[in-house]
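[1] Predicted model follows, preceded by the sequence.
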2 protein chains.
Amino acid sequence: MNRETYEMTLLFDYYGDLLTDKQKELFDLHYNEDLSLSEIAEHLGISRQGVRDGVMRSEDILKEIEQKLGFVKRHMGLKEVLDGLVSDINQIKELNTNYEIHSLLDDLRIKIENLD
Amino acid sequence: MNRETYEMTLLFDYYGDLLTDKQKELFDLHYNEDLSLSEIAEHLGISRQGVRDGVMRSEDILKEIEQKLGFVKRHMGLKEVLDGLVSDINQIKELNTNYEIHSLLDDLRIKIENLD
C-alpha cells in the first residue's frame, strides 16, 4: 500500500461515517476492495467519470475534516507518547528486583499497549 | 452550568470547526458568552427566531457528528483508563523501596496525567 492510499484509508477509518452512503460505497470499493475506477463503474452501472468524481470528492471532504479537527494527527501523537511510556516501564523493570512489582509493571505495560 | 450546556460546549470544543462561521458565532455567543437569544438577536441585528433556529441547527449538527464519530465518548473512556493507570502506579509506589524507581514512577505518573 502506498503512502497516499494508507493516509486515505486512515482518514476513512476516522471520518468515513460523515460521508454519504454513496460516497462511502465508492470509497470503500476503490480503497479497501482495491477495485479500479472502471471496475467500480461497471459494477455499479455508472460512468467511470462519475466514480472518479465521487472518489475525489470524498477524498477532499475527508482531508478537509482532518484539517479542521486533526484527530488523526492527535491520535498519532498519543501513540508516540504511549510508546515512550512502555519504554519507561521497561527501564523501571530493569532496575527492579521485587517480584510483585515486576508483575504489576507488566500489567501496567499491557494496559498501556492496549490503550490505542 | 447545567448538564446539557456542559455537553453542548464539550461537543462544540470537539467538532465546532465543522460548523459554518455563522453557526459558530451564534453558538459561541449563546453557550460560551451566555447571551440570551434576544440579546444575540439585538447584537447581530437578526430576528430572535433566526438566532434560535441557528443555535438549534448547530446543536443538531454537533450531536449528529458525535453519534457518527463518537470521539467525545471515546476520549472520556480514555480519561477513565488513564485515571486507573495513575492508581496502579500509586499502588506500585507503595510497594517499592528503591529511591531511583520511586522517582521514575513519579515521572511516569506525571506523563500519564498530562496525556489528556
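    Looks like it arrived, so ask away.

[2] show me the biggest helix of chain A in terms of residues.
    helix A:71-95 (DSSP state H).

[3] just checking, next helix/strand downstream of it?
    helix A:99-113 (DSSP states H and E).

[4] Give me the angle between that next one and helix B:71-95.
    170 degrees (axes from the mean of the first three to the mean of the last three C-alpha atoms, to 10 degrees).

[5] helices or strands up against helix A:99-113?
    Helices and strands touching helix A:99-113, by 3 or more C-beta pairs under 8 Å, 6 or more residues apart in numbering or on different chains; DSSP states H and E, are helix A:71-95, helix B:71-95. (Each C-beta comes from the backbone N, C-alpha and C, glycine too.)

[6] Now it: average pLDDT?
    The pLDDT scores in helix A:99-113 average 95.

[7] returning to that earlier point: how far away from the center of its chain is the longest helix of chain A?
    Mean-position distance between helix A:71-95 and its chain equals 18 Å (C-alpha atoms, centre = their mean, to the nearest Å).

[8] tell me which parts of chain A are close to chain B?
    A:14-15, A:17-18, A:65, A:68-69, A:71, A:78, A:81, A:84-85, A:88-89, A:91-92, A:95-98, A:100-101, A:104-105, A:107-108, A:111-112, A:115 (C-beta under 8 Å from any C-beta of the partner chain).

[9] Just the buried ones from those, in ChimeraX syntax?
    Of the residues of chain A next to chain B, the buried ones go into a single ChimeraX selection, burial set by 16 or more other C-beta atoms under 10 Å in any protein chain shown:
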select /A:14,15,18,65,69,71,85,88,89,92,96,101,104,105,108,112
